[in-house]
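Participant: Mind folding the following:
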Amino acid sequence: MSLLQKLGGILTRKYVLSSHTVIALSVLFMIVFDNDVFWTSLFSVIDLSSPGMWLFLFACFIFIFAVCFTFFAVFGIGRLLPPLLAIVLILAAFTSYYMDAYGTVFDDVMVLNIVETNVHEAMELFDLKLWLHVLLYGFLPVFVLYRITIRHKPLLQALSLRLISVMAVVSIASATVYVSYKDMAFVFRENREISFFVNPVYPMRAIYRFAEKKVHDSNRQFLAVFEDAVKISHAGSADAGNAGNKHKNVLVIVVGETARAQNFHIDGYKRNTTPHLEQHKVISFKNVSSCGTATAVSLPCMFSDLTHDNFDDNAAKSRQNLLDAVNIAGLQTLWVENNPDCKGVCDRIEQYDIAHIYSDEFCSDGGCYDEALFHGLDDYINNIKTDTVIVLHTQGSHGPAYYRRYPQEFKVFVPECRTSTVQDCSDEEVINAYDNTILYTDYILSKVIDYLETKTAAINPAMLYISDHGESLGEDGAYLHGLPYFLAPEFQKRVPLIVWLSDSFKQNKKLDESCLNEKANDALSHDNVIHSVLGVMDVSASLYKADLDIFSSCRPETVESPLRAQLNQSAGVGSRPL
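Facilitator: All right, here's what the predicted structure looks like:
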């Protein structure tokens, strides 16, 4: 009899097993086959020649077994057991693939990312290798599971057996962990990140925490924290006039996607990935940290008065943000989208979505290049009535299919990785494809500046570019982004911040450009964005903090005293200088 025939016989044969045996076999399968990253990481930090390490490994194994066994024994009552096991087996197969391939950690932030990802983004991550992996480690064991007939006992007898089996497993696990407690405490205290790879325990914990948070925040009241925002008129403003300049001030905020500062030549990268920007007089701040490592956190955070230290995504969505503040103050606001969505940031202002910017020249079924962001922008700027803030949300360097983010003419660094399974490409190919996205971003930013320069006869324009988070390109085996912040490498947390100011904007705002250049190496973060925009656009609000405004100290107090006095008064700090 051939091997295939034997395998076929195993798969098609009917089995009759107790529920305890089915649970135990399913848990053993997941611990052995869905935890490659966990066991590999654990083996890398222990010395197996040390006397207690084999007992320590068994303690880890039996502890995970006990947690999973108890969960299924408690919640998999009667006919609920097969579907519950099937769902978790498939979940474990999916998560194990992304852990193995990209070094992904499935915490509650990653669950939020998954929930808010659209179909187009998701399809780039659903490759053939994923489906083969899930078929082998998810659907195949589920198929075998449904070939099993589970012996059912009377309810009281079944509950008694469940209780006894759970107590036995927990007792063995407790005794083993007690004996190895010192080793376990030391290893996991010094290598906390390893526990994040326990599959399916940590992903299920993350799903529970995410759901619990959603339920808790479902009745959260919306906070109007910027109802006191007001546009200040003072000597030198557009409202009051300055040497005959009564033009409106227009700030274009370009929000980058997955752009890490380490790959910007203007910030010291060895390759010339920013040739266009370096032909303009821009200020590049070189030491800027993101609020999070994923768009679902960083994007709302950079527009929120909540800081990195106290940020909560649900709290941010339940309160007004920067765009609400400038809108309430009477400025025009517009959000132009070339990404799935604005994560709630633009919900209460005018928006141009992807359908609005779509053009045959720059768009296809696979999405739009960032040049599409200019579609309709000229008409909008030609009809502004007051000072204006425009946000361009780019596709930028969104992975893993970096090669889809730039037109053919920006295929400069070759060979490039031309697949979404970046782990299958060489380091050189991945970096080449990513650097091409930065090269295209450089072109887009230069095009924004060139366009705004043509408008200086009618407006006082400025541009601020900042990315939401960075990216890992295979360093230490990690790809993409989204690792827990304390665990994430600097590649995922350090972002570019680039400012361009027209001469008329600088004159109108009395900005000292040399002063800003001196601040180029200061430690900054997403926390600075909201206060810098409020300050430079002369919007007074009680939540404004001048110490987080990168422009504040570069606007002479003798000129800005009316603004500073009103900002101090609105902040409730009397005459204390900002």
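Participant: domain assignment for this protein?
Facilitator: 3-217, 254-571 (automatic domain parsing).
Participant: Relative to Ala229, tell me which of the ones you listed wins on proximity.
Facilitator: Closest to Ala229 of the domains of the chain, according to Cβ to Cβ: domain 254-571, at 4.3 Å. In this view, the C-beta of every residue, glycine as well, is placed from N, C-alpha and C.
Participant: deepest of the domains of the chain, which one?
Facilitator: Ranked by mean neighbour count under mean count of other Cβ atoms under 10 Å, the domains of the chain are led by domain 254-571, which reaches a mean of 20.
Participant: any chance of the domains of the chain in TSV, with distance to Leu223 and mean pLDDT too?
Facilitator: Shown next, in TSV, are those (distance: least, Cβ to Cβ, whole Å; pLDDT from 0 to 100):
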stretch	distance to Leu223	mean pLDDT
domain 3-217	12	87
domain 254-571	4	93
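Participant: Let me know which of those domains is the nearest to Val230.
Facilitator: With distances scored as Cβ to Cβ, the stretch of the domains of the chain nearest to Val230 is domain 254-571 (5.2 Å).
Participant: Off-centre distance for that closest one?
Facilitator: Relative to its chain's centre, domain 254-571 lies at 14 Å (Cα atoms, centre = their mean, to the nearest Å).
Participant: follow-up on the earlier one: who wins for proximity to Val225 among the domains of the chain?
Facilitator: Nearest of the domains of the chain (Cβ to Cβ): domain 254-571, 5.2 Å.
Participant: excluding its backbone neighbours, what's nearest Gly344?
Facilitator: Nearest in space to Gly344, with sequence neighbours left out and distances taken as Cβ to Cβ, 6 or more residues apart in numbering, is Lys317 at 4.4 Å.
Participant: Redo the domains of the chain as TSV? Include distance to Asp228.
Facilitator: Shown next, in TSV, are those (distance: least, Cβ to Cβ, whole Å):
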stretch	distance to Asp228
domain 3-217	25
domain 254-571	5
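Participant: mind listing the strands for the stretch 251-400 of the chain?
Facilitator: Here the stretch 251-400 of the chain has its strands, by DSSP state E, counting those that start in this stretch, at 282-285, 288-289, 332-337, 350-352, 363-364, 367-368, 388-393.
Participant: would you turn those into JSON lines with distance to Asp435?
Facilitator: Formatted as JSON lines, the strands of the stretch 251-400 of the chain follow (distance: least, Cβ to Cβ, whole Å):
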{"stretch": "strand 282-285", "distance to Asp435": "17"}
{"stretch": "strand 288-289", "distance to Asp435": "20"}
{"stretch": "strand 332-337", "distance to Asp435": "25"}
{"stretch": "strand 350-352", "distance to Asp435": "29"}
{"stretch": "strand 363-364", "distance to Asp435": "23"}
{"stretch": "strand 367-368", "distance to Asp435": "20"}
{"stretch": "strand 388-393", "distance to Asp435": "22"}
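Participant: wait, which of these is closest to Val169?
Facilitator: Here strand 288-289 is closest among the strands of the stretch 251-400 of the chain (Cβ to Cβ), at 44.6 Å.
Participant: what residues does the closest one touch?
Facilitator: Outside strand 288-289, the residues within contact range by Cβ atoms under 8 Å, 6 or more residues apart in numbering are Ala261, His308, Ile466, Lys493, Arg494, Val495, Pro496, Leu497, Ala523, Leu524, Ser525, His526.
Participant: Who are the contact partners of Ile283?
Facilitator: Neighbouring residues of Ile283 by Cβ under 8 Å, 6+ apart: Ile498, Val499, Trp500, Leu501, Glu513, Leu516, Asn517, Ala520.
Participant: So which of these are in helices?
Facilitator: Secondary structure defined by DSSP state H assigns Glu513, Leu516, Asn517 of the contacts of Ile283 to helices.
Participant: so how far is Phe551 from the residue nearest to the last one when sequence neighbours are not counted?
Facilitator: Just to be clear, that refers to Asn517. Closest residue to Asn517 apart from its sequence neighbours, by Cβ to Cβ, 6+ apart: Ile283 at 5.8 Å. To Phe551, Ile283 is 11 Å away according to Cβ to Cβ, to the nearest Å.
Participant: just to revisit the earlier point, relative to Lys231, which of the domains of the chain is closest?
Facilitator: domain 254-571 (4.5 Å).
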